[in-house]
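Enquirer: Structure for the following, please:
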Amino acid sequence: MRTYRKREWSSLVVNMTPLINVIFLITVFMIIMINFSEVFLREVNLPKADEAKEVKEQVIKKISITVKSEEFIFLGRKRVSLDNLEQALWQIVEYPQKSTVQVRGDENVPYEVVQKVMQKIAARGITRIEFSTRKEAVPPLEEDRIQ
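Expert: Sure thing, here's the model as predicted:
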């Protein structure tokens, strides 16, 4: 008859190094993806305009407001809520009469959201508002060939 020796649990060792490496890599991946998600939210499809023209005026301060949706509004590079937009404008604009706001609204944003943004700008006393659009190139005319 064979006798079996009992194993002692103190001699059993689990190597934790691979587990720690995997958790570290997942953490780094999540941190990187959180930073990139903010960049992707700022991508805006501007509406088309036939008669768009570039305005070249002397202004003291030009502020850019990007409207992606009602939840995603950026004042420059800083994300603000619609409720806090007027307060943020009070903080950064000293001379509203000599400042210009450039509104970049996504073509899929409802006009009511852009209207609310314009009301916040007007409440600050800024009267110069520019709208960013994209102007598509006019296709060349083709000659009609009679054959």
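Enquirer: okay, and the helix or strand of the chain with the least pLDDT?
Expert: Within the chain, no helix or strand scores below helix 17-41, which has a mean of 79 by mean pLDDT, DSSP states H and E.
Enquirer: Toward the C-terminus from that helix, list the very next helix or strand.
Expert: Per DSSP states H and E, helix 17-41 leads on to strand 61-67 as the next helix or strand towards the C-terminus.
Enquirer: and the angle for that next one with helix 17-41?
Expert: Orientation note: strand 61-67 sits at an angle of 110 degrees relative to helix 17-41 (axes from the mean of the first three to the mean of the last three C-alpha atoms, to 10 degrees).
Enquirer: what comes up buried for strand 61-67?
Expert: For strand 61-67, a neighbour-count test (16 or more other C-beta atoms under 10 Å) marks Ile63, Ile65, Thr66, Val67 as buried. Bear in mind the C-beta positions are built from the backbone N, C-alpha and C, glycine included.
Enquirer: Out of those, flag the one nearest to Met30.
Expert: Taking C-beta to C-beta as the measure, Met30 lies nearest Thr66 of those, at 25.7 Å.
Enquirer: The closest one and Val113, how far apart?
Expert: To Val113, Thr66 is 12 Å away according to C-beta to C-beta, to the nearest Å.
Enquirer: Pull up the overlap in contacts between those two.
Expert: Common neighbours of Thr66 and Val113, using C-beta atoms under 8 Å, 6 or more residues apart in numbering, are Gly105.
Enquirer: Report the buried residues of stretch 99-115.
Expert: Applying 16+ other C-beta under 10 Å to stretch 99-115 flags Ser99, Thr100, Val101, Val103, Arg104, Gly105, Asp106, Val109, Val113, Val114 as buried.
Enquirer: so what's Phe74 closest to, chain neighbours aside?
Expert: Counting by C-beta to C-beta, 6 or more residues apart in numbering, Thr66 is the residue found nearest to Phe74 once chain neighbours are left out, at 4.2 Å.
Enquirer: Relative to Ile20, how far out is that neighbour?
Expert: 41 Å.
Enquirer: do Glu107 as well
Expert: According to C-beta to C-beta, Glu107 and Ile20 sit 48 Å apart.
Enquirer: just for the protein, where's the confidence low?
Expert: 1-12, 35-60, 134-147 (pLDDT under 70).
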